[in-house]
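Peer 1: Return a 3D structure for these sequence lines:
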Amino acid sequence: MPRAWTLERRPQGLPQAGDFALREIEPSALREGEIRVRNLWLSVDPYMRGRMNDAKSYAAPYALGEPMTGGAVGKVVESRADGFAPGDLVQHMRGWREEAALPADEAQKLPALDVPPQAFLGQLGMPGMTAYFGLLDVAEAKPGETVFVSAAAGAVGSTVVQIAKAKGMTVIGSAGGAEKCAWVRSLGADQVIDYKAGPVLDGLRAAAPDGIDVYFDNVGAGHLDAALAAARLHARFAICGMIDVYNSAEPTRLRYLARVIGARIRITGFLVFDHMHRADEFYRGMGALLAAGQLRREETVVDGIEAMPDAFLGLFSGANTGKMLVRL
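Peer 2: Just a heads-up that it's a prediction; the model follows:
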């Protein structure tokens, strides 16, 4: 019988093992228009932490005792829907489980790009789309500008680094530890700040003495404050994640927030869902970068459905380089 992870209680701060339970789920008979998918790859992403709280947000909270959801790639094993046949590879949002029955209109066949299927959960999936539209659309980054990227060794940040370099920008990344910093540098970053080695602001001022034009925020807190301090006139900030505060009730204190006024900084929060209708544009743009050899991926893979909570918690301790994935 297939298994799924459920949320058993609302976490207080960083989630604990006891907040989750792995349960068997009774397969349901397919209705007309549905498909059954055996999941091959599961995604864990920082945004899932917010859905564990019973609070109003852009996505409904996980229901206690019910299977959790998230990105997944799998193979169709049964179909009662036109256009889908056993053997088709699809991506969908019924992750955190080994098998899913779902309406066919909630699944998408994988695009015809020459990459392994799990890439559509990372660089060619939601994290990659976040990077692509956040940098080029939300922040309106242009060739010749200086871009600062926090969490540059993560799934989103590492893609931002590569897109920015491919588009002719100067890129400064931030990552934790010498190994991750070396990897970000290998992606083409012009400067890399090791936030574990010293204050981010000191590193940013040394890396960009003339300031930054764009900040792509995955972290918040001290990184955001440093970016405010280093921002040039009319700098643009794209804010898609603040992982520093996901498990904390402490308010973020921004010493340099007043610079928003004098430097006329534009700060825009965004969700990748705002851009889903432009998926074809994203695949064309990323496909061109792939064909030109301008994209590289890194994946941190853990094996087995049993490892799902540990993989998720690893996002908050820096256990991943690139995309964190669970392979079934």
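
Peer 1: drop to CA atoms for contacts and neighbour counts, all remaining ones
Peer 2: OK.

Peer 1: where does the chain have its least confident helix or strand?
Peer 2: The helix or strand of the chain with the poorest confidence is helix 48-51; it has a mean of 90 (mean pLDDT, DSSP states H and E).

Peer 1: Tell me the buried residues in that helix?
Peer 2: Buried residues in helix 48-51, counting neighbours by 16 or more other C-alpha atoms under 10 Å, are found at 48-51.

Peer 1: how about TSV for those, with distance to residue 31 added?
Peer 2: Formatted as TSV, those follow (distance: C-alpha to C-alpha, whole Å):
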residue	distance to residue 31
48	29
49	32
50	32
51	28
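
Peer 1: what's the closest of those residues to residue 288?
Peer 2: Closest approach between these and residue 288, by C-alpha to C-alpha: residue 48, at 30.7 Å.

Peer 1: Now the closest one: closest residue in space that isn't a chain neighbour?
Peer 2: residue 70 (7.8 Å; C-alpha to C-alpha, 6 or more residues apart in numbering).

Peer 1: Next one: residue 282 from residue 146, what distance?
Peer 2: Remark: distance between residue 282 and residue 146 (C-alpha to C-alpha, to the nearest Å) = 23 Å.

Peer 1: more neighbours, those two?
Peer 2: More neighbours surround residue 146 than the other of residue 282 and residue 146, with 24 against 20 (other C-alpha atoms under 10 Å).

Peer 1: Test my guess that that one contacts residue 212.
Peer 2: Yes: assessed by C-alpha atoms under 8 Å, residue 146 is found in contact with residue 212 at 5.1 Å.

Peer 1: Now list whatever residues contact both of those two.
Peer 2: Common neighbours of residue 146 and residue 212, counting by C-alpha atoms under 8 Å, 6 or more residues apart in numbering, are absent.

Peer 1: show me where the chain has helices.
Peer 2: 48-51, 126-133, 155-166, 178-186, 200-207, 221-230, 259-262, 279-291, 308-314 (DSSP state H).

Peer 1: Could you list the low-confidence segments of this protein?
Peer 2: 244-251 (pLDDT under 70).

Peer 1: what does the domain assignment say about it?
Peer 2: Domain segmentation of the chain under automatic domain parsing yields 3-122+298-327, 126-273.

Peer 1: Which among the ones you listed is found nearest to residue 286?
Peer 2: That would be domain 126-273 among these, by C-alpha to C-alpha, at 8.3 Å.
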